[in-house]
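Q: Got a sequence here, can you build the structure:
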Amino acid sequence: MASPSRRPQPPAFQLPVAGPGVTLGLSSNDDPLQPLRTMADRVGKEVEKFAERVDHWHTHGNEDDQAKYQTTLRMVGKFKDLAESTVKELKRQNDAENKGELAKSMRRRIKNMAELPHPDHEGDLGDSFQSVVPSIESNSAPSSSKVQELRQWQAELATWELLRIIIEHYYHEPGLDVAAAKRKQLAEVGGGSRYSPNIETWNRFLLEDDIAKEKDIILRWLEQTAQSSETDIQSMTEQLEEQSGKDTDSWNVGWLDTRAKIKQEKRLQGVDHPLRPDAVGLRTFERTEPLITQLDPDAPTRQKRRLEKSDDYYERALWMACYEMLRRGTPWEQICEWCKDKNEAWRGVSMGAAYETHPNGGPNIAGPNLGYLYRRMCCYAARGARSQYECALYGLLGGDLKTVEPVCRTWDDHLYAHYNALLLTRFDSYLQKDHSVRQVPRKLTDQFRFKDAVANTGSWEDSAATIIALLKQQKSTAAQSQSPMKLIQGSLIGGSVDDLVYKVGVAISFMLREDSRSGNLIVDPESDPSNPKPKASNEQPKIAAEKCYQNLATDPYALRILVHVLIVLRKGLNVLNVPGFDRWIAVDNVIALYIEFLRLTKRTDLIPLYAAQLHGDRQVHCLARVLADIKSPQDQMRCIALMEQYRINPVDVISRNCQHELEKSGLTNEGNFVSKYEVMERVNDNEYLWPGQRVKRELPGVHLTAKENSLIESLKWYIHLEKEKTCTFIDLTNALKYFLLNGRMGAANKLVSMMSIESLSLIKTEALCGYAFDFTLPGSEKVDQAEISKAIRKLAAASAGRPRPAELPFPGSHGHRKHVMQLRQRSQTYFELQSVVGFVGLLLEWREEEDKLIKAKREGAKVSTKRAKDLFENLVVVLGQLFESFLSQSSDGQTLTKYALASLSDTNPSKPRLEREATEHWRLTLTYIPEVILSYLSVVQAASFFLSRDLSVKAMEVANMVADVANQWVQDAFMETKRMTQLVDMLAVVSKAMLELSEMEEKKSRGSGKKRGSRGATLRIWDVNVRN
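A: Numbering: from 1, shown residues only. Sure, this is the predicted structure:
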């Protein structure tokens, strides 16, 4: 590298930027991110709070798999705690509104309950698949936005609890011997003998059958969810009282109005014994139906007669309340006590509440057959019941599905009915196995058969996925099944999170495939793995993107939950293995869209954390497109620090960003390359100051475009990578090279002004060698002990004492020299291109100074020529640097001579790139070197008139340098561009001007000593009157 004692700094042009900044490229109507934009202002601090948990998880517990597993479980617990605290706060803030909405919902349910026909009025109950109660979720969303937010957080709380129990059940701690642990539990639980307590047999059944255990924990989860999000029993009782028009305290007297009517009829007939079952005159108040004649609970069914309307409502209300308590997992003792308070203890007995043998939340397992006969009785009772809720209650107790479905109003209710039927019929099948120590007698099972829900479902192992799929198809639950939260919960229960995330990722790709933003983070799963793009082709995607998955993607709450579920399962537990490029690309689209959401909400500090959760190269792909959003140097430095913290290489990201900006700029298109960059313009022949041409006042390509500015901004990130020595100069060289190939001198000048070799040298040497210096200067490869001492004193002052050896950044003499030599080699090409830009900038300044001198001459004013002399001296220095070495190395410092290229093997992967660079470098040589030399000759002639006629000898030096055999490449450039004749002609004109100057000044300086040029040249050799 040339090492002048003082290198001229390239001038800074004042360049306008053409066009506005980068925009989305879509109209508001076509913007796929519009739903996220709309919700951006409504999303609160939960985004940062979740990120805090993920940050702690990502940076802790990485010692081994066991530590990561425990840290992941704790993170899920933190997510749940956050949702739980938010639900409590929202309930506190909106208690009245929440209770009002729940009361409104309960009134609708009570109205529907009261209007339901009796089962014997609608045929076979078992044929009904349609819920008779509209869903609060699908048909009656809360009108208050605050209550809606509460419902969302309640659903989220339930989701995190579901994830927790799924992990604990299915995903065990790494290193745990699951089989051994199960054997130990089975040995401890008991239930293995004929005389074991019934509860032990139930517990053993759950331990032996993991899928049955999963059904049990999901049922408990559904009960807990209903208990925490629905109207409490006390409020429901109050609503029933309000709707009935009676005080619920009067409910402990039974069928009050019917009893009064029977007593009246007895008085009329004058009898004191029970009335005949076929009494004709005893009818309801409306006289439309015959009234029962006896008051035992079975009378309406046995006599096929009715109750008074108020008593019928009372009967339905009691069964509804009992069903709701059972559905919410209310302890049997509480149900029994509630029935006793209403003088309806028989109902508690019929529900099995009088028995003590009840597992925690489990079924009635009393008696020698563990409740087998009791469940058959309940199934028969469900089919003969008079009201829908009575049917449903006995259906739950007996494990029957069809009798429960008519009162199910939500996805949760239907899932509960299915899982309850599966679990109880599985247990009854378990009791019939030959190997069971508590086997139910075959005679009993043959006499009292049951409808096996497991057999109707299909494979027991696939039952969860089968039920979730069935709920999507079932008319009463199809809409809710496709809601964002139920899609997530269903995938967790059905074990299909990988499939859900994949389909959502495909939907995201479909939504944003027409997004023309260069910073689009989404990748088409069908695109080429070597060149991932948002849109693989103009053809329709092969994979369908269902609307429900698009809805999930555009719901910020659901998207956040799905992203964190994905992080837990894929990164935390390593259980979500997605094979194939197309599938992991689609899965990563989900996280990429969440990063888009963070961009919309200006949370750029969180982006590196979530980018670290992406797969491999997708981290770099994503972050490289986000860097353009971060403008301030402080934010950029913080982003780099975060990338390093999350083990993402910032060099890779910044380099990819530069490559991306270069590609989108269009500068690499060879069709736009200029063949000649003209810096001179023709002048009249009588203009004796110049040899037919002079430097232009305005050069082409000086206006800066938005894309060029974006490219320069991307390169400025390298300023923060103080110790980086390779990619910095590769990307700077490539950008500057393509600026020059396209004739974009304004962009080239701005780049070298902001990131000159001189400024970069000071930054990198201070970081690498301990003190700042210009590594291009001769001798800088040797350590300057004075500077070292100064740096040590500075460190001592900063550390308030003597710095420790570990704090000293000095690499020693060998390391110092190595750093300097590497920096010189890798920056060589960039330095040479910078010299071209600097030379052109000096030409512009020279033209401006020329105009000032000419104007002063015309006006007769006196003007200093010092500025012109300095400019000319700088031009001489820069031209000398160009002749000394020009583009003989690649952007990464490899030699590009013909011999070096010829010696490369065809199998060398770098050969195509080096050959392309050699071609581009020669094209740059042809474009600029002839023009640079010719413009320099024009300046020489003008300087000879303005400053000193002795400067004209510089033209002879140019002629000698061009003719030098070492500069054959210069001769080749003039020959190939067909400008050799122009060079010869211009040298002749300058020579003529030299003679004219000699004649003009002969009288003034005849006989005086003449100054000689750098090679002993003097104008007197052109004086024919001088003797040898």
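Q: Report the distance from stretch 417-430 to the chain centre.
A: Mean C-alpha position of stretch 417-430 versus that of the full chain (CA atoms, centre = their mean, to the nearest Å) differs by 41 Å.
Q: isn't there a helix covering Leu268?
A: Yes: Leu268: assigned to a helix according to DSSP: H, G, I helix; E, B strand; the rest coil.
Q: what's the neighbour count on it?
A: Neighbour count of Leu268, defined by other CB atoms under 10 Å: 10. From N, CA and C alone the C-beta is placed, and that goes for glycine too.
Q: And it, how close does it get to Ile262?
A: Separation of Leu268 from Ile262 (CB to CB, to the nearest Å) stands at 11 Å.
Q: If you count neighbours, what's buried in stretch 315-326?
A: Residues of stretch 315-326 classed as buried: Glu315, Arg316, Ala317, Leu318, Trp319, Met320, Ala321, Cys322, Tyr323, Glu324, Met325, Leu326 (neighbour count, 16 or more other CB atoms under 10 Å).
Q: Quick check: which element contains the first one?
A: Applying DSSP states H and E as the criterion places Glu315 in helix 309-327.
Q: and that helix, C-alpha only, in PDB?
A: Output of helix 309-327 as PDB, limited to C-alpha atoms (Å, rounded to 0.1, in the frame of the first residue of the first chain):
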ATOM      1  CA  LYS A 309     -95.100 -24.700  35.400                       C
ATOM      2  CA  SER A 310     -93.500 -23.000  38.400                       C
ATOM      3  CA  ASP A 311     -92.600 -26.400  39.900                       C
ATOM      4  CA  ASP A 312     -91.300 -27.600  36.500                       C
ATOM      5  CA  TYR A 313     -89.000 -24.600  36.400                       C
ATOM      6  CA  TYR A 314     -87.900 -25.400  40.000                       C
ATOM      7  CA  GLU A 315     -87.200 -29.000  39.000                       C
ATOM      8  CA  ARG A 316     -85.200 -27.900  35.900                       C
ATOM      9  CA  ALA A 317     -83.300 -25.200  37.900                       C
ATOM     10  CA  LEU A 318     -82.200 -27.700  40.600                       C
ATOM     11  CA  TRP A 319     -80.900 -30.100  38.000                       C
ATOM     12  CA  MET A 320     -79.200 -27.300  36.200                       C
ATOM     13  CA  ALA A 321     -77.400 -26.200  39.400                       C
ATOM     14  CA  CYS A 322     -76.400 -29.700  40.200                       C
ATOM     15  CA  TYR A 323     -75.000 -30.200  36.700                       C
ATOM     16  CA  GLU A 324     -73.100 -27.000  36.800                       C
ATOM     17  CA  MET A 325     -71.500 -28.000  40.100                       C
ATOM     18  CA  LEU A 326     -70.600 -31.400  38.700                       C
ATOM     19  CA  ARG A 327     -69.200 -29.800  35.600                       C
END
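Q: if I pick Arg599, what's in contact with it?
A: Ile607, Val626, Asp629 (CB atoms under 8 Å, 6 or more residues apart in numbering).
Q: circling back: show me what the helix holding Glu315 is packed up against.
A: helix 95-115, helix 233-244, helix 256-269, helix 332-341, helix 388-398 (3 or more CB pairs under 8 Å, 6 or more residues apart in numbering; DSSP states H and E).
Q: pLDDT averaged over the longest one - what is it?
A: When you say that, I think you mean helix 95-115. Mean per-residue pLDDT for helix 95-115: 77.
Q: tell me what that helix is packed against?
A: Helix 95-115 packs on helix 145-170, helix 233-244, helix 309-327, going by 3+ CB pairs under 8 Å, 6+ apart.
Q: Give me the below-cutoff pLDDT ranges for the stretch 501-650 of the chain.
A: For the stretch 501-650 of the chain, no stretch is flagged by pLDDT under 70.
Q: try 80 this time
A: For the stretch 501-650 of the chain, the stretches with pLDDT under 80 are 516, 518, 536-545, 577-579.
Q: Doesn't Thr668 belong to a helix?
A: No: going by three-state DSSP, the assignment for Thr668 is coil, not a helix.
Q: Please list all residues in contact with it.
A: Applying CB under 8 Å, 6+ apart, we find Thr668 in contact with Leu662, Tyr738.
Q: what does the one 3 residues further on give?
A: Residues touching Gly671, when contacts are defined by CB under 8 Å, 6+ apart, are absent altogether.
Q: Now do the SS call for it.
A: Assigned with three-state DSSP, Gly671 falls in the helix class.
Q: Dump the helices and strands packed on helix 95-115 into JSON lines; add mean pLDDT and distance to Gln834 as well.
A: Listed next are the helices and strands packed on helix 95-115 as JSON lines, based on pLDDT from 0 to 100; distance: least, CB to CB, whole Å:
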{"stretch": "helix 145-170", "mean pLDDT": "93", "distance to Gln834": "56"}
{"stretch": "helix 233-244", "mean pLDDT": "73", "distance to Gln834": "78"}
{"stretch": "helix 309-327", "mean pLDDT": "85", "distance to Gln834": "77"}
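Q: Tabulate these in CSV, adding columns for distance to Val939.
A: Formatted as CSV, these follow (distance: least, CB to CB, whole Å):
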stretch, distance to Val939
helix 145-170, 73
helix 233-244, 94
helix 309-327, 94
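Q: most packed of those helices?
A: Stretch with highest mean neighbour count among these: helix 309-327 (a mean of 22; mean count of other CB atoms under 10 Å).
Q: Highest mean neighbour count out of the helices and strands packed on helix 309-327?
A: helix 388-398 (a mean of 26).
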